[in-house]
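> have a look at this fold, sequence not included:
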Ligand SMILES: [Zn+2]
């Protein structure tokens with residue numbers, strides 16, 4: 001076990017030394033086994049990510065459940081699902097963070113080149129800023145919402161985004177590689193089913209996703225629920241956009257009713273992931289209904305503050 005730990009540490013050191021523009025070499029099969037052993041325990045992530053809101057801080061990959069792995073940084077989630085005939089990746093993190101995501105996938109012993117699709121939560125640079133890099137290194141197409149597609153192929157924020165104008169533009173993706181998913185309908189990718197759920201609010205094109213993961217005969221439903229926080233630039237008022245707020249609330253209502261054994265969020269801290277890991281049970285703590293209620297309470301507070309300020 002000690003020798004395996006040394007091999008893994010050596011592999012991670014090697015990966016960290018590779019120049020960012022070069023692909024990371026695939027590990028040998030013995031090292032892959034050691035890496036998967038290590039990945040079986042999420043305790044390592046909890047130890048490395050005590051300051052867990054740092055967006056580009058390197059984090060070890062770990063198995064969430066069955067074929068589903070966390071491959072993001074300490075502060076930004078990326079989820080990798082290993083399918084029978086190819087893989088799926090949710091989000092890439094920032095442009096810099098996406099290099100760590102690809103390294104984490106290789107450290108687990110999987111080939112990023114076998115990713116068949118990249119799915120998205122919401123169209124902000126901290127979650128999809130690395131799409132260009134990951135697409136360049138995998139050839140994988142992107143599947144997103146219609147509103148987010150416009151952002152991803154232009155690099156510019158959506159005009160209705162409460163944070164429009166706050167962030168620098170992202171590197172645009174060629175339009176032919178970015179398609180849209182009809183909300184509410186399961187999408188089959190490489191033998192796996194994923195259901196997109198429209199949850200606009202934090203951005204106009206935000207999606208949450210639901211899928212099933214099995215370990216032998218034990219299956220759980222995982223939901224990757226979007227950030228959904230009512231954050232904006234200083235001159236934006238949610239109360240000036242009643243249709244947008246209604247769509248926001250409708251999305252929260254959809255989220256609250258989802259079957260949701262394990263809740264994951266684009267910022268791990270938003271759903272208390274580290275605390276759940278420390279208890280040893282990712283199905284513990286906040287579920288989708290509690291998360292939606294928490295977010296809606298913050299939206300209500302925000303709208304009340306706007307009324308008081310006017
Ligand atoms: Zn955001």
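Looks like it came in fine. These numbers come from a predicted model, not from an experiment.

> hey, where'd the helices end up in this structure?
All helices of the chain, identified by DSSP state H, fall at 2-17, 29-39, 43-48, 97-107, 125-128, 131-138, 146-154, 242-256, 273-279, 288-309.

> between the fourth one and helix 131-138, how big is the angle?
What it means is helix 97-107. 30 degrees (axes from the mean of the first three to the mean of the last three C-alpha atoms, to 10 degrees).

> in helix 97-107, what's buried?
Buried residues in helix 97-107, counted by 16 or more other C-beta atoms under 10 Å: 97-107. For every residue, glycine as well, the C-beta is placed using N, CA and C.

> follow-up on the earlier one: looking at the helices of the chain, which is closest to residue 70?
Among the helices of the chain, the nearest to residue 70 by C-beta to C-beta is helix 43-48 (6.9 Å).

> and the closest one, how far out from the chain's middle?
18 Å (C-alpha atoms, centre = their mean, to the nearest Å).

> what of stretch 299-310?
In terms of C-alpha atoms, centre = their mean, the centre of stretch 299-310 is set 30 Å apart from its chain centre.

> give me the buried positions along it.
Neighbour-count burial for stretch 299-310, with 16+ other C-beta under 10 Å as criterion, is recorded at 299, 302.

> what of stretch 209-222?
So for stretch 209-222, counting by 16+ other C-beta under 10 Å, buried means 209-213, 220-222.

> between those, which is nearest residue 143?
Out of the buried residues of stretch 209-222, the member with the shortest distance to residue 143 (by C-beta to C-beta) is residue 209, at 10.2 Å.

> now the closest one, nearest residue through space, not along the chain?
residue 224 (4.6 Å; C-beta to C-beta, 6 or more residues apart in numbering).

> what is the burial count for that neighbour?
Applying other C-beta atoms under 10 Å, we find 24 residues neighbouring residue 224.

> ok, it touching residue 120?
No. Look at residue 224 against residue 120 with C-beta atoms under 8 Å: they stay out of range, at 10.1 Å.
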